[in-house]
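**Q** This is the structure alone, sequence omitted:
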């Protein structure tokens, strides 16, 4: 039985071809944001997205962007253009792209439906790009306060080495043992 997410991925041609496939260039959408072809195609239900990521052995990250943001552009054209970084992220994360001032309706973990811009305000997102990382389980997430739902956050642009390190920090659950700064110090 096909799932809604599977049908959406098929409809948008979002399925990644796998190892050895040529890296596709990000495209600028009608919203003025760069879009990676491997970003999560979503019905904008965060709980469903988290559960789907978990079922696929991945973690959920939200990338908040804004039209005309030079550091968002840099993230796409430098960080995601690095094959090692892009492969690591694709293999270990589902990345949902949201617009800091967008109006698409998103269903939060607590079932509250909000436009992107109001969801950003709810989570205290003030800079772009900002990455939010969520836990490896959905258990009890809806009962937590909004800011307590994420396990890590990367506000602003990170150079490629630190960018990859942030995704490793989350994937390895290093946030359970210390700060990102501690992780960087210990891992060069």
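**A** Received it, and whenever you're ready, just let me know what you need. Quantities reported herein were computed from a predicted structural model and do not represent experimental measurements. Numbering: from 1, shown residues only.
**Q** can you map out the strands along this structure?
**A** Assigned by DSSP state E, the chain shows strands spanning 27-28, 34-35, 59-65, 93-99, 105-107, 113-115, 130-133, 152-155.
**Q** right, so those: which one is the most enclosed?
**A** strand 59-65 (a mean of 24; mean count of other Cβ atoms under 10 Å). The way it works is simple: take the backbone N, C-alpha and C, and place the C-beta from them, glycine included.
**Q** Direction included, what does that one pair against?
**A** Next to strand 59-65 in the sheet, as set by DSSP bridges, lie strand 93-99 (parallel), strand 130-133 (antiparallel).
**Q** which stretches of the chain form helices?
**A** 4-12, 46-55, 70-74, 83-92, 116-122, 160-171, 180-187 (DSSP state H).
**Q** buried ones in the third one?
**A** By that I understand helix 70-74. 71-74 (16 or more other Cβ atoms under 10 Å).
**Q** distance between that helix and the chain's centre?
**A** Helix 70-74 sits 15 Å away from the centroid of its parent chain (Cα atoms, centre = their mean, to the nearest Å).
**Q** going forward can the numbers begin at 24, since that is how I track them
**A** From this message on, residue numbering opens at 24, which makes the last subject helix 93-97.
**Q** Give me the mean pLDDT for that helix.
**A** Taken as a whole, helix 93-97 carries a mean pLDDT of 96.
**Q** ditto for the last one
**A** Taken as a whole, helix 203-210 has an average pLDDT of 94.
**Q** Residue 119 touches residue 71, doesn't it?
**A** No - judged on Cβ atoms under 8 Å, residue 119 makes no contact with residue 71 at a distance of 10.8 Å.
**Q** Give the residues shared as contacts by these two.
**A** Listed as contacting both residue 119 and residue 71 by Cβ atoms under 8 Å, 6 or more residues apart in numbering are residue 65.
**Q** quick one on the thing from earlier: now the strands of the chain in TSV, with mean pLDDT?
**A** Formatted as TSV, those follow (pLDDT from 0 to 100):
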stretch	mean pLDDT
strand 50-51	86
strand 57-58	94
strand 82-88	98
strand 116-122	98
strand 128-130	98
strand 136-138	98
strand 153-156	98
strand 175-178	97
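**Q** Dump these to JSON lines, plus distance to residue 76.
**A** Converted to JSON lines, those look like this (distance: least, Cβ to Cβ, whole Å):
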{"stretch": "strand 50-51", "distance to residue 76": "23"}
{"stretch": "strand 57-58", "distance to residue 76": "18"}
{"stretch": "strand 82-88", "distance to residue 76": "4"}
{"stretch": "strand 116-122", "distance to residue 76": "4"}
{"stretch": "strand 128-130", "distance to residue 76": "16"}
{"stretch": "strand 136-138", "distance to residue 76": "20"}
{"stretch": "strand 153-156", "distance to residue 76": "11"}
{"stretch": "strand 175-178", "distance to residue 76": "15"}
